[in-house]
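**Student:** Got a sequence here, can you build the structure:
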Amino acid sequence: MNRLYDFIRRHPTWVDGCWALVPVFMSLVVLTAPGTGVYQGDPWAGLFVTLASGTVMALRRRAPERMLLLALAVGLFQLLADVQPLPANFAFLAIAFTVASLPRRWPSRVALGMCLTAPTVSMLRWPEDHKGASLTNIIIGTVFLTIAFLLAWVLGDSLRTRRAYYAELEERANRLEQERETQARMAVAAERARIARELHDVVAHNVSVMVVQADGAAYVLDTAPEQTRNALHTISGTGRQALTEMRRLLGVLRGEDGQVTGQDYVPQPGVEQLADLVDQVRDTGLPVDFRIEGTPRPLPSGVELTAYRIVQEALTNTRKHGGPDVGATVRLSYDPEALTVLAEDDGRGAQRELYEERGADGRGQGLIGMRERVGMVGGVLIAGPRPGGGFRISATLPLAGDVAR
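**Tutor:** Numbers count the residues shown, from 1 in each chain. Below you'll find the predicted structure:
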């Protein structure tokens, strides 16, 4: 049975052709029946109408618009050649149904006009077919025949509407699927950008500290073993801290098993860890003046992490670009509506392209990360040369009214 359905779907012309044989055969019977008096016209003209109508019915789905024009031509020929209605004229119902189910509207309107006028025109053209019938019966018969034609058109138009509805549903489903894929890609890109920012901050700061301590340890290795030992301890502690933070970040990139441990949920650093960060930087030989202004209070986790990363990146840049004998200043100012983070130094400052061109040629990624972090919490970041020399980074991070709860 499934094979039969598949054959019907793949070969609609063959199916229509088989159905067309039925009215064609019945018309041939009417034309050739001897002595019945059913058909009084020209048999050759009737044969032409029969074959043309069968062609209309057989090819109605392959070339519906052309078959509609052929059906109109057949109807006009019947009127002019005085060919009385035949069973093959059932093709008019079939073509009306077919063109009404098409998306294009002009064939459907033409078919509708044909359905409304054909029964009346037939009754007026061959009134002898209704001899002996009352006017009321003639009118009722014409109305019922018109209704039959209209019903064929309505069924076709309903099929068109249903097809359009299903096509719209399919298009909407495809569109939603594409939107979900786009949102998924955007989420993946945003997550990768977040991980990249975090890794940059972790690696840039901790590796910088380790490099400074390693250089210092190598310089005083023979003359000051105690300082060398302290430097090595600092390198070890900094490395462990970097590994801990990297393990937390890379926990989201674990394998397919999806299992995580408590080490993947190490708390993110905040403003309370800034004192430890400053002490770590001071151990590398960079003097830092760290002060807190205002009354400290609980902050949103996003604001805390942003403030910590800004100070971390600023001190890292000071070590990298500040030059010799540089000093740094860090201020945290608690206001009723915002937290202001100020980090500046009195060194030689960074190159212009690192803060004006936002990391051209792959440089200055730390400042790009700062801007992105500050933008995510709705704040404002100002980075540039400091009056009198050096470099200044100032960030204003807005606070919600109920963050302390």
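
**Student:** going forward, measure contacts between C-alpha atoms and count neighbours the same way
**Tutor:** Will do.

**Student:** Tell me the helix or strand right after the lowest-mean-pLDDT helix or strand in the chain.
**Tutor:** Least confident helix or strand, the chain: helix 352-356 with a mean of 54, by mean pLDDT, DSSP states H and E. For helix 352-356, the succeeding helix or strand toward the C-terminus, using DSSP states H and E, is helix 365-376.

**Student:** For that next one, name the packing helices and strands.
**Tutor:** Judged by 3 or more Cα pairs under 8 Å, 6 or more residues apart in numbering; DSSP states H and E, helix 365-376 is in contact with helix 135-219, helix 301-321, strand 380-385.

**Student:** can you give me the angle the helix or strand following the first one makes with helix 135-219?
**Tutor:** Later in the chain than helix 135-219, the nearest helix or strand by DSSP H and E is helix 225-250. Computed by axes from the mean of the first three to the mean of the last three Cα atoms, to 10 degrees, the angle separating helix 225-250 from helix 135-219 equals 170 degrees.

**Student:** Downstream of helix 225-250, the next helix or strand is which one?
**Tutor:** With elements assigned by DSSP H and E, the helix or strand that comes after helix 225-250 is helix 274-283.

**Student:** Same question for that next one: list its buried residues.
**Tutor:** Under the neighbour-count criterion of 16 or more other Cα atoms under 10 Å, helix 274-283 has L274, L277, V278, Q280, V281, D283 buried.

**Student:** could these go into JSON lines alongside distance to P107 and pLDDT?
**Tutor:** Formatted as JSON lines, the buried residues of helix 274-283 follow (distance: Cα to Cα, whole Å; pLDDT from 0 to 100):
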{"residue": "L274", "distance to P107": "78", "pLDDT": "89"}
{"residue": "L277", "distance to P107": "79", "pLDDT": "87"}
{"residue": "V278", "distance to P107": "82", "pLDDT": "89"}
{"residue": "Q280", "distance to P107": "83", "pLDDT": "82"}
{"residue": "V281", "distance to P107": "82", "pLDDT": "84"}
{"residue": "D283", "distance to P107": "87", "pLDDT": "80"}
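
**Student:** Name the nearest of the residues you listed relative to A338.
**Tutor:** L274 (18.0 Å; Cα to Cα).

**Student:** List the residues that contact the closest one.
**Tutor:** Y308, V311 (Cα atoms under 8 Å, 6 or more residues apart in numbering).

**Student:** change the start of the numbering to 603 and stick with it
**Tutor:** Sounds good: first residue 603 from here, last item L876.

**Student:** just to revisit the earlier point, please identify the most buried of the helices and strands packed on helix 967-978.
**Tutor:** Mean neighbours per residue, mean count of other Cα atoms under 10 Å, is largest over the helices and strands packed on helix 967-978 for helix 903-923, with a mean of 22.

**Student:** what lines up beside the very next helix or strand once past that one in the sheet?
**Tutor:** Where DSSP H and E defines the elements, the next helix or strand beyond helix 903-923 is strand 930-936. In the sheet, strand 930-936 lines up against strand 890-895 (parallel), strand 940-947 (antiparallel) (DSSP bridges).

**Student:** So which residues make contact with stretch 695-710?
**Tutor:** Stretch 695-710 is contacted by residues 658-659, 662-663, 666-667, 669-670, 673, 711, 713-714, 717, 751, 754-763, 766 when judged by Cα under 8 Å, 6+ apart.

**Student:** what's the answer for stretch 655-673, then?
**Tutor:** Stretch 655-673 is contacted from outside by 614-623, 625-626, 654, 676, 690-691, 693-694, 696-698, 700-701, 709, 713, using Cα under 8 Å, 6+ apart.
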